[in-house]
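In: need a structure here:
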Amino acid sequence: MNKFMFRLLIKFWIGFVIGMLWCECASGQVIYQTLNRYEADYIVYITPNKYEADWIVWMTENKYEAEGGIMYSTLNRYEADYKLFVTTNKYEADRIIFRTTNKYEAKLKK
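Out: Residues are numbered from 1 along each chain as shown. Next up, the predicted model:
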């Protein structure tokens, strides 16, 4: 019985660790700004008004810090989690973005 429980516990911890690593990788906010609107996952408009924004984002220089509104911009389109096209027309945008200077204000509305 002890051998069975030990193996079950080992399998549980391996599954738990793999699941936690997958969740950490899946929540990244690495973005790529594209010039092709049809390639983009989101068409965004950058607003100066924080109260009309869907996403309040803070741009970071550290790729591994990117999550939950803290975004890292990359030049490699295949490394990105999201491809964004920035438009000048607020009404054709999927999301309205406000870029904050405070890291702790960053948040995404689903």
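
In: Sketch out the low-pLDDT regions of this protein for me.
Out: 1, 8-9, 11-28, 110 (pLDDT under 70).

In: now do 50
Out: Residues of the chain that meet the criterion pLDDT under 50 lie in 23-26.

In: Show me the residue at the heart of it, geometrically.
Out: Among the residues of the chain, the one closest to the centroid is residue 29, at 2.2 Å (C-alpha atoms, centre = their mean).

In: Next one: that residue from residue 67, what distance?
Out: 6 Å (C-beta to C-beta, to the nearest Å). To be clear about C-beta, it is placed using only N, CA and C from the backbone, and glycine gets the same treatment.

In: ok, now residue 57?
Out: 11 Å.

In: Would you mind grabbing the residues shared as contacts by the two?
Out: residue 29 (C-beta atoms under 8 Å, 6 or more residues apart in numbering).

In: With neighbour numbers in mind, choose between the two.
Out: Of the pair residue 57 and residue 67, residue 57 is the one with more neighbours under other C-beta atoms under 10 Å, namely 23 against 17.

In: was I right about the more buried one contacting residue 102?
Out: No - using C-beta atoms under 8 Å as the test, residue 57 is too far from residue 102 to be in contact (11.1 Å).
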